[in-house]
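Participant: Here is a sequence together with a model predicted from it:
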Amino acid sequence: MDIFDILAKYRGEFLQGLLVTLKLCLLIWPIGILVGTALGAAGARWKVGIGLPSKVISFTLSGIPILVFLFWLHYPLQSLLGIVVQPFYTAVAALSIVNTLLVADLIRGVLNDFPNQYVMAAQVCGLSHRQTVLQIQLPIIFRQVLPNLLLIQVTMLQATLFASLISVDEIFRIAQRINSEVYRPVEIYTALAVLFLAVCLPMHGIAYWLKARFTRDLSER
Amino acid sequence: MLIARNISKMLGQKQVLTNVNASIIPGQITALIGPSGGGKSTFLRTLSFLDPPDSGSIKVDDETFAFPNKNGNNRPFPWPKVTIVFQQLFLWPHLTIRQNISLPGKDSNDHRSTEIVDDLIEFFDLGEFAGRYPNQVSLGQRQRAAIVRALALCPKYLLLDEITSALDVEHVSKLLTHIKSLRDKGMGILLVTHLIGFAERAADQVIFMESGSIVEAGGTELLSSPKSKRLGQFLSLVGTAN
C-alpha cells in the first residue's frame, strides 16, 4: 500500500481531520486578532491600568509551555470547577488565550514605540487629527504589525496539533490513528509534513514579502 | 508679527530657555545663531507650538497664546500658518517624496496648490526622485523634500532648523534665492544655522543665543562688529574653524 492508496482509502478521515483543524483556526485566529488588538491598544493607552497587568499575565504565561497550559485547562481546572468542557472548546480556549496575549504584546509594542515625530510633522503641516490617524499613523502601524501578526497565526496553526493530545480529532490525531492501522509512518508523516509545508510556507513567504515591501526604514539613514 | 514674550522652559531639572523675547517680522529673515546646546532648536519648537513653553506668551498676528494655559482654552494652534522644517526632517517613510509634499494640500480644491507643488519639485530638482521613498534617496534629497513640503504650505511664518547641513553649494544658493523671494512676498522667516556666511547672505536680522538666553540681537552688522564679548569670541572661533 503506497501513500496514494492510503490517501485514497482514508480520504474521508483525512478530510474530517483537516476540517477540525480548520475549525480550530477559524476560531483561534479571529478571537486572538480582535481581542488581542483591543487589549494591546488599551494597554498602550492605559499603561498602568491595563498595559501592566496584561504584560504581567503575558510574561507569566510565557514561562508555561503551551502543551502544559492546554493540559492544565483540560484536567486540573475543570476538576477544580467541577465542569466538563468538550476538548475541542478547551483547545480553542487555550490557544485563543495564547494568541490573544501574543497579539496584544505585538500591538502594544508597536503603539508604544510609534515614532511620535511623524505625528508632529503632520501637525505642523496642518493635517487634521482624522487625517493624521488615517493617513499617517494607521498605515505605519499596519505595516509594522502585519508581517509579525501573520507569523503568529502560522505558529497558532502549528500549535493546533497539541489539541490531539486531549483527544481532539484534528489532522495529526487522524494521521496517528490511520498509522496505527496501516503502520506506514514514513508515508503518513511525510504526507502530513508536506501538507503543513504547503500551507505554512506560503504564509511565511507572504509575511516576509510584506516585511520587505512595507516595513520602510523608519530611521531615514 | 510672530512675537515671543518672556518665553521660559525647563526640561527636567534644567532651565533651557530663560525669558526669551523675539519677533519674527513678515518680510524679514532672522538668523538664529549660537553654540550647540544653546536652546536654539528648543526655542524653534516652542515657537512652532510643538513644545509649548512653561511660561510666557506667543502672539501670532492678532492671536495671543499664553502659557501656562490657565483658562483651559483649547484653541487650535495656528498650523500651518506657522510651520517648521525639522533638523531631523521627519519625512513620512511610507509615502513617496511627491506624496510627502502633496499630502497636506490633498483635500484642498485649490488647483493652485498642485501647481505650487509641481513648481517647487521642479525648482529643487526633485522631479527625478519624486516617485521614490525617503529611504531610497540621499540625505540631501530628503532635506530638499522636507523644505519643499513646508514651502508648499505657503505659510506666513516659516521656521527652519539647520536646513542646509546636507545641501551642496548649488542647492544652498537655490534655497537662498527662494527664501529671499518668499521674504519679498511677505513671509516671516526664522532660520537656525551654523553657517555664518549663509546667515550673512540670507538674514536681515541676527539673534545670538547661548544657554537659553538671547545675548545679542540686531542687524547683520553684528556678524562683523559684535557688541558683546561673547559673540565676538563665538565668531572668532567659527572663523578659525572655517
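Facilitator: On my side now, so go ahead. Computed from a predicted model, the values in this text were never measured in an experiment. Numbers count the residues shown, from 1 in each chain, chains lettered A, B, ... in the order given.
Participant: all contacts plus neighbour counts: C-alpha atoms, from now on.
Facilitator: OK.
Participant: measure the residue most central in space within chain A to residue A:24 for me?
Facilitator: By C-alpha atoms, centre = their mean, the mean C-alpha position of chain A lies nearest to residue A:153, the distance being 3.0 Å. For residue A:153, the distance to residue A:24 equals 12 Å [C-alpha to C-alpha, to the nearest Å].
Participant: Next up, the contacts around residue B:187.
Facilitator: Counting by C-alpha atoms under 8 Å, 6 or more residues apart in numbering or on different chains, residue B:187 touches B:26, B:27, B:28, B:155, B:156, B:157, B:158.
Participant: top of these by neighbour count?
Facilitator: residue B:158 (28 neighbours; other C-alpha atoms under 10 Å in any protein chain shown).
Participant: Surely it is within a strand?
Facilitator: Yes. Using DSSP: H, G, I helix; E, B strand; the rest coil, the assignment for residue B:158 is a strand.
Participant: what pLDDT does residue B:239 get?
Facilitator: Model confidence at residue B:239, given as pLDDT, is 64.
Participant: in the chain, which helix or strand is least confident?
Facilitator: This is for chain A. Lowest by mean pLDDT, DSSP states H and E among the helices and strands of chain A is helix A:3-9, with a mean of 82.
Participant: quick one: buried residues of stretch A:47-65?
Facilitator: Residues of stretch A:47-65 classed as buried: A:47, A:50, A:51, A:54, A:55, A:58 (neighbour count, 16 or more other C-alpha atoms under 10 Å in any protein chain shown).
Participant: Pull the contacting residues for the spatially closest residue to the second one that is not a sequence neighbour.
Facilitator: On the basis of C-alpha to C-alpha, 6 or more residues apart in numbering or on different chains, the spatially nearest residue to residue A:50 that is not a chain neighbour turns out to be residue A:43, at 4.8 Å. Counting by C-alpha under 8 Å, 6+ apart, residue A:43 touches A:49, A:50, A:51, A:52, A:54, A:108.
Participant: ok, the fifth one - contacts?
Facilitator: Think residue A:54. A:39, A:43, A:101.
Participant: Distance-wise, check it relative to residue A:111.
Facilitator: Taking C-alpha to C-alpha, one finds residue A:54 at 15 Å from residue A:111.
Participant: Could you give the residue of chain A that lies closest to chain B?
Facilitator: residue A:126 (4.8 Å; C-alpha to the nearest C-alpha).
Participant: Could I get the phi/psi values of that residue?
Facilitator: Dihedral angles phi and psi of residue A:126 (degrees, to the nearest 10) take the values phi 80, psi 10.
Participant: Tell me if I'm right that it and residue B:82 touch.
Facilitator: No. Residue A:126 is beyond contact range of residue B:82, at 9.3 Å (criterion: C-alpha atoms under 8 Å).
Participant: ok, those two, which is more surrounded?
Facilitator: Counted by other C-alpha under 10 Å, residue A:126 and residue B:82 do not tie: residue B:82 has more neighbours, with 25 against 21.
Participant: excluding its backbone neighbours, what's nearest that one?
Facilitator: Nearest to residue B:82 is residue B:157, by C-alpha to C-alpha, 6+ apart, at 4.7 Å.
Participant: Give me the neighbour count for residue 13.
Facilitator: By default, I'm working from chain A. 18.
Participant: Chain B was what I was after
Facilitator: By other C-alpha under 10 Å, 6 other residues sit near residue B:13.
Participant: What is the most widely separated pair among the contacts of residue B:187?
Facilitator: The largest separation in the contacts of residue B:187, counting by C-alpha to C-alpha, is between B:28 and B:155 at 13.8 Å.
Participant: Give me the below-cutoff pLDDT ranges for chain B.
Facilitator: Low-confidence segments of chain B, defined by pLDDT under 70: B:70-73, B:106-112, B:239-242.
Participant: Please list the residues of it that sit near chain A.
Facilitator: B:48, B:50, B:79-80, B:82-84, B:90-94, B:104, B:134-135, B:139, B:150, B:153 (C-alpha under 8 Å from any C-alpha of the partner chain).
Participant: In strands, which of those fall?
Facilitator: B:82, B:83, B:84 (DSSP state E).
Participant: Not counting its own residues, what contacts the lengthiest helix in chain B?
Facilitator: Secondary structure of chain B per DSSP state H: the longest helix is helix B:169-184. Residues outside helix B:169-184 that contact it (C-alpha under 8 Å, 6+ apart): B:26, B:27, B:28, B:29, B:124, B:164, B:189, B:202.
Participant: For residue A:213, state which of those is nearest.
Facilitator: Scanning the contacts of helix B:169-184 for proximity to residue A:213, where the rule is C-alpha to C-alpha, the winner is residue B:124, at 28.2 Å.
Participant: Residue B:148 belongs to a helix?
Facilitator: Yes. Remark: residue B:148 belongs to a helix, assigned using three-state DSSP.
Participant: State the number of residues packed around it.
Facilitator: Counted with other C-alpha under 10 Å, residues neighbouring residue B:148 total 26.
Participant: residues contacting it?
Facilitator: B:101, B:117, B:120, B:121, B:124.
Participant: residues touching the third one, list them.
Facilitator: Residue B:120 sits next to B:148, B:151, B:152 when contact means C-alpha under 8 Å, 6+ apart.
Participant: ditto for residue B:5
Facilitator: B:19, B:20, B:21, B:22, B:56, B:57, B:58.
Participant: Give the residue spans of chain A that score low on pLDDT.
Facilitator: Regions of chain A meeting the criterion pLDDT under 70 cover residues A:215-221.
Participant: longest helix of it?
Facilitator: Per DSSP H, chain A has its longest helix at helix A:11-45.
Participant: Can you name the next helix or strand after that one?
Facilitator: helix A:52-61 (DSSP states H and E).
Participant: Quick one: work out the angle between that next one and helix A:11-45.
Facilitator: Taking axes from the mean of the first three to the mean of the last three C-alpha atoms, to 10 degrees, helix A:52-61 and helix A:11-45 form an angle of 140 degrees between their directions.
Participant: CA-only coordinates of helix A:52-61 in PDB, if you can.
Facilitator: This file holds the C-alpha atoms of helix A:52-61, laid out as PDB (Å, rounded to 0.1, in the frame of the first residue of the first chain):
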ATOM      1  CA  LEU A  52       0.900  46.500  33.100                       C
ATOM      2  CA  PRO A  53      -1.400  43.700  34.100                       C
ATOM      3  CA  SER A  54      -1.500  42.400  30.500                       C
ATOM      4  CA  LYS A  55       2.300  42.400  30.500                       C
ATOM      5  CA  VAL A  56       2.500  40.500  33.800                       C
ATOM      6  CA  ILE A  57       0.000  37.900  32.600                       C
ATOM      7  CA  SER A  58       1.800  37.500  29.200                       C
ATOM      8  CA  PHE A  59       5.200  37.300  31.000                       C
ATOM      9  CA  THR A  60       3.900  34.600  33.400                       C
ATOM     10  CA  LEU A  61       2.200  32.600  30.600                       C
END
